[in-house]
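# Below: sequence and its predicted model.
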Amino acid sequence: MLRFIKHNLTNIDGVEFYPLLSLLIFVIFFAVVITMVIRMSKAEVTELSDIPFEKDAAGEYKQ
Amino acid sequence: MEVQKFSYDNKIVRNFAWATIIWGIIGMLVGLIIALQLAFPEFFNDYLGFSFLSFGRLRPLHTNAVIFAFVGNGIFMGVYYSLQRLLKARMWSDKLSNINFWGWQFIILCAVATLPFGITSGKEYAELEWWIDILITLLWVVFGFNMFATILTRRVKHLYVAIWFYIATFVTVAILHIFNSFELPVSFLKSYSWYAGVQDALVQWWYGHNAVAFFLTTPYLGLMYYFVPKAAQRPVYSYRLSIIHFWALIFIYIWAGPHHLLYTSLPDWAQSLGVVFSVMLIAPSWGGMLNGLLTMRGAWDRVRDDVMLKFMVVALTAYGMATFEGPLLSLKNVNMLSHFTDWTIAHVHVGGLGWNGMMTFGMLYWLFPKLFRVELYSKKLANQHFWIATLGILLYAVPMYIAGFMQGLMWQDFKPDGTLVNSDFLKTVDALHPYYILRSIGGLLFILGAVMMFYNLIKTAKAGNFLANEEAEATVTKNLDVKIKEGKEYWHRSIERRPIRFMIVSIVVVAIGGLVEIIPTMIVKSNVPTISSVKPYTPLELHGRDMYVREGCYNCHSQMVRPLRFETARYGEYSKSGEFVYDHPFQWGSKRTGPDLAREGGLRSNYWHYQHMIRPKDVSQGSIMPAYIWMDDENSLDLSLMEAKISAMQTLGVPYEKGYEKKAKGDAEKQALAIATNIVDEMYNSLPPKMQKTYNKKAEVEKMKTKEIVAIIAYLQRIGTDIKAIKKTEKK
């Protein structure tokens, strides 16, 4: 991959760092989202996924 | 704690619903007409050979109508319904809602009034002229403002996942539309793209691909996350997955645009980026599809009885198929075969008819009984619609897949001696004829289904009692203050109740991909190696090029020879990025219903082109090209804008010498006279001696030079010829 990009951007010092940085941003972003999602509590998930619904007094979904 | 009473605005939802149905049927009908034109070209040439009905002009009308009129109104319908309910608030301003509705319909009417008459900017899926682009921008801001104002005055604390998709749609479509629509107006009805050649191509496909992503996909995913759980009467399968789905999709989608330009003159690194991200896209897309389908868990028995669920299941399945196929098509070895063929047409119709179409029908069947407080007029008819539409999709897609494979393989076929088996392009067109007929039948069935739905919903509306303002109430707690933390919470919980911050994070995520791809191509010179023999077009050629754009030739002819043996053997030297530096807009095209034209210049005589344009079948046996008889009208060559056009080109950086704009018209007339004389000479020579005696050459030349056909011939004879004069001057 790098050889395609390198010749276009050779005048930037330390250009090799940029793809590494991109990869890091990418991996870290998803690692954070996934960790956060896994650590969400069950109650929280239920509360959020129930937003589209109206419930009656007995807690059943109303159409 | 306080209970507040308010009402939902159903009128706006109903208006958008009717608009969706009506424009949907019209857009599909235009599609059927152009499908029939390919299947029965003689009939259309003989009986309906009007300029405004020609394929190249109607195809943009079809794509614009189904994308922006059918799906566009469908988005507004679904968003205006679900947003109010998810936020427990009426739309912030009824007035803005109405401006959104009537403004959008006005824009669609403008499209109908311009595209068939050749008023186009010539960039696929963004053909509308500059002033309509400005109207679209204003309207989109009205929609976004109303949406955000509603979000900010909501009665619930958290934003449901559907709303994230709506927000991402709003910001990204705004960015895409604005950046792709940079045009320099020449007159009210004509403009030139700000970008040229490779850059124009990259921006256009960055836009084109993401219009699919953020107009046809993300808003509909948002609607899916609302309407599928509502119809199945159970919450979404995994809310956790929906969070990952959202971020992964908007993060990755924006990078994938260059996969539309594989093997073209686009720099390699940009092509590779496009491929890598397209392959990654499969993960979030299938995550979303499974999330939708699994929401049906425990409710599959209801799919048998509930027609709305049937439509949704087919929609999700089509989404899954199209998003599996997309990454597949972006692999270079698959793309080599599929690109420029009907395979692409099959792919987009699985998405368009299957995903958008079926999802829209499902929403409409669900909404009407609610809006009109009555049972659906006929469930049986709705079921019939479901089956006829599903069959229509199959009958459309399967023949197009076969046609695509077949033509792609025929183009690549070599004899043992190294020459092409099908060196005559028309052989590969002939072979497609039966599939073009079958495809038209598939399309016809799909439209029939839509008409049945129209009838069913009119009957439902008539039997019911429309509820314009639906009463609702919500308990507002102190907790609504977004600054109050709910004990221990994570960062995402906090941004998802702060819409503005959410929007900014979305913009950043989306912008990264766009900037990384576009900035280097714009500023790094080595991306477009200059070729010294490539010169600006002569004024007449430029005028001819504008006619090429006007007639929508790019809908059927590419101008891009890929560096592949079977392409160079057929068309000649492969295209270089430096050849397109003066092309505003680029005209690489994306489909070869006819052959590539990148090396057309100088191949044939002017007289051949003259005959071919007005009677294609006489010159090319079996041609399905429309006859462009209107170009043969006397006094049709209108050079009044010549000075303005050259000035505009100078502004865009095309190196015409200073003051040339004043001389341009004269030069154009001179070139027109030369071409006219040449055509008339050849015409004279082809006549039998008896007729030659009565032939008044001088008068014929006088007539010929006023016909606009000479301009398009001038352009056709120029395409791709500069490189032939090359003396190895290409800079490394």
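Now that the structure is in, tell me what you want to look at. Numbering: from 1, shown residues only, chains lettered A, B, ... in the order given.
# mind listing what the nearest residue to B:Ile723 once chain neighbours are set aside touches?
Here the nearest residue to B:Ile723 in space, its sequence neighbours aside, is B:Glu579; by Cβ to Cβ, 6 or more residues apart in numbering or on different chains that works out to 5.9 Å. To be clear about C-beta, it is placed using only N, CA and C from the backbone, and glycine gets the same treatment. Shown in contact with B:Glu579 (Cβ atoms under 8 Å, 6 or more residues apart in numbering or on different chains): B:Gly197, B:Ser265, B:Ile531, B:Val534, B:Gly720, B:Asp722, B:Ile723.
# So B:Glu579 belongs to a strand, correct?
No - counting by DSSP: H, G, I helix; E, B strand; the rest coil, one finds B:Glu579 to be helix, located in no strand.
# any idea which helix or strand carries whatever residue of the stretch 151-300 of chain B ends up closest to chain A?
Distance from chain A to each residue of the stretch 151-300 of chain B (Cβ to the nearest Cβ) is smallest for B:Trp269, at 3.4 Å. If you go by DSSP states H and E, B:Trp269 is part of helix B:268-294.
# nearest spatial neighbour of B:Trp131, skipping sequence neighbours?
B:Phe188 is the one closest to B:Trp131 (Cβ to Cβ, 6+ apart), at 7.0 Å.
# Just read off the phi/psi values of that neighbour.
phi -60, psi -30 (degrees, to the nearest 10).
# And for B:Ser506?
According to degrees, to the nearest 10, B:Ser506 has phi -60, psi -40.
# any chance you could map the strands in the stretch 101-250 of chain B?
Along the stretch 101-250 of chain B, the stretches classed as strands by DSSP state E, counting those that start in this stretch are B:183-187, B:190-193.
# ranking those by burial, who's on top?
For these, the largest average neighbour count (mean count of other Cβ atoms under 10 Å in any protein chain shown) is found in strand B:190-193, namely a mean of 24.
# Could you list the paired strands of it along with their orientation?
Here strand B:190-193 has these sheet partners by DSSP bridges: strand B:183-187 (antiparallel).
# Check what contacts the strand it pairs with and list those residues.
The contact list for strand B:183-187 (Cβ under 8 Å, 6+ apart) reads B:121, B:130-131, B:133, B:191-194, B:641, B:644-645, B:648, B:651-652.
# pLDDT added to those, as a markdown table?
Converted to a markdown table, the contacts of strand B:183-187 look like this (pLDDT from 0 to 100):
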| residue | pLDDT |
| --- | --- |
| B:Ser121 | 93 |
| B:Trp130 | 94 |
| B:Trp131 | 95 |
| B:Asp133 | 94 |
| B:Ser191 | 94 |
| B:Tyr192 | 94 |
| B:Ser193 | 93 |
| B:Trp194 | 90 |
| B:Leu641 | 94 |
| B:Ala644 | 95 |
| B:Lys645 | 95 |
| B:Ala648 | 95 |
| B:Thr651 | 93 |
| B:Leu652 | 91 |
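# and B:Ala474, helix, strand or coil?
Following three-state DSSP, B:Ala474 is assigned to strand.
# Hmm, it is touching B:Tyr8, no?
No - counting by Cβ atoms under 8 Å, B:Ala474 sits too far from B:Tyr8 to count as a contact (11.1 Å).
# where does chain A dip in pLDDT?
Residue ranges of chain A with pLDDT under 70: A:1-19, A:55-63.
# re the thing from before, same for the helix holding B:Trp269, what does it pack against?
On a contact count with 3 or more Cβ pairs under 8 Å, 6 or more residues apart in numbering or on different chains; DSSP states H and E, helix B:268-294 meets helix A:2-6, helix B:218-232, helix B:239-253, helix B:307-329, helix B:499-523.
# residue in the stretch 551-700 of chain B nearest to chain A?
Counting by Cβ to the nearest Cβ, the stretch 551-700 of chain B gets nearest chain A through B:Ser577, at 12.8 Å.
# Specify the local secondary structure of the nearest residue to that residue once chain neighbours are set aside.
Once flanking residues are discounted, B:Ser577 sits nearest to B:Ser265: 3.7 Å by Cβ to Cβ, 6+ apart. For B:Ser265, the assignment made with three-state DSSP gives coil.
# Give me the phi and psi angles of B:Ser265.
Per degrees, to the nearest 10, the backbone of B:Ser265 is at phi -80, psi 10.
# Now do the contacts for it.
Counting by Cβ under 8 Å, 6+ apart, B:Ser265 touches B:Gly197, B:Val198, B:Ala201, B:Met560, B:Ser575, B:Lys576, B:Ser577, B:Glu579, B:Phe580.
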